[in-house]
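[1] Show me how the following folds:
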Amino acid sequence: MEVSVLIGSSLDLAEVLNRVMQKAKDVMDADAVSIMLLNERTNKLEFEVALGEGNTTFETLRKKIVLDLGQGIAGAVALSRTPELIADVPADPRFYKDADKLTGFTTRSMLAAPLIVRNKLVGVAQVINPRGGGRFTPEDLELFVTYCRQVAVAIENARLHKVLLERQREQQQLEFAALVQQSFLPQRCPV
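    Numbering: from 1, shown residues only. Presented below is the predicted three-dimensional model:
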C-alpha cells in the first residue's frame, strides 16, 4: 500500500524515479539500487538513478554509461525481458565492470528486472548487495519483480503526463500566435 501511494504521489519523472528507487533500497534491504531507462531514439540503456549507502547518488554513472541491449547484465535482462538473480556477479561473464570502476563500489550479488508496460520495454531496475553480506534469494527476486511492475507503470504515467503538458503548452503558444496575427489585421475592411 505504501508503494502504491508513493508511486501515485508525483508525476514528475525524476522525482518518481528517485522515490521508487529509495523505497526499493529499503524494501529489499540493499546496499545500492539503480535504474536504467531505454532511450527509444538510440535503443540503448542509460543510467537515470543510482543510489548507494545513505542514498548517496552516483552521478558519475548518470548518462555516462550507456549499454546496448544484450550488453552487461542489465542489457541481457532488457534483451530477454526476463528477471535474473545473480548470486555471484563478478563470476558472471556478462558483468559490466565499468560501473564499479567509476563509483568505487563492489558489486557482489544482484537482482535485475525488466520494466515493462503494455509489452513495451521501459528500462531495467537493479538491486545490488543485500545489507550485511550474503546473497539475494529467489523470494527476493519475486518481491522485486512485483515491485518493478508498479515502477514501470509509474514511469509510463510520468512520461505520458510530460507529453500532455508539452501538448498543452504548444496549444497555448498556437493560440497566442493566432491572437498576435489577428491583432495585425484591420478591424474593418477598408473602403
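
[2] where along the chain do the strands fall?
    30-39, 44-51, 66-68, 84-86, 110-117, 120-130 (DSSP state E).

[3] Same question for the longest one: list its buried residues.
    Neighbour counts over strand 120-130 (16 or more other Cβ atoms under 10 Å) mark 121-130 as buried. Where C-beta positions appear, they are placed from N, C-alpha and C, glycine not excepted.

[4] what would the strands of the chain look like in JSON lines with mean pLDDT and distance to residue 171?
    Listed next are the strands of the chain as JSON lines, based on pLDDT from 0 to 100; distance: least, Cβ to Cβ, whole Å:
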{"stretch": "strand 30-39", "mean pLDDT": "91", "distance to residue 171": "27"}
{"stretch": "strand 44-51", "mean pLDDT": "86", "distance to residue 171": "29"}
{"stretch": "strand 66-68", "mean pLDDT": "89", "distance to residue 171": "34"}
{"stretch": "strand 84-86", "mean pLDDT": "95", "distance to residue 171": "44"}
{"stretch": "strand 110-117", "mean pLDDT": "94", "distance to residue 171": "26"}
{"stretch": "strand 120-130", "mean pLDDT": "93", "distance to residue 171": "26"}
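
[5] Output these in CSV, with distance to residue 155 appended to each entry.
    Output for the strands of the chain, formatted as CSV (distance: least, Cβ to Cβ, whole Å):
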stretch, distance to residue 155
strand 30-39, 7
strand 44-51, 9
strand 66-68, 18
strand 84-86, 20
strand 110-117, 6
strand 120-130, 5
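
[6] Go through those and name the closest to residue 186.
    Among the strands of the chain, the nearest to residue 186 by Cβ to Cβ is strand 30-39 (50.2 Å).

[7] Show me what the closest one is packed up against.
    helix 13-27, strand 44-51, helix 72-80, strand 120-130 (3 or more Cβ pairs under 8 Å, 6 or more residues apart in numbering; DSSP states H and E).

[8] What's opposite residue 34 in the beta bridge?
    residue 50, residue 126 (DSSP bridges).

[9] what residues are up against it?
    21, 47, 49-51, 58, 61, 99, 125-126, 128 (Cβ atoms under 8 Å, 6 or more residues apart in numbering).

[10] Quick one: neighbours of the nearest residue in space to residue 141 that is not next to it in sequence, just the number.
    Distance criterion Cβ to Cβ, 6 or more residues apart in numbering; nearest residue to residue 141, sequence neighbours excluded, is residue 85 at 4.5 Å. Residue 85 has 18 neighbouring residues, counting by other Cβ atoms under 10 Å.

[11] Likewise for residue 163?
    Count around residue 163 with other Cβ under 10 Å applied: 9.
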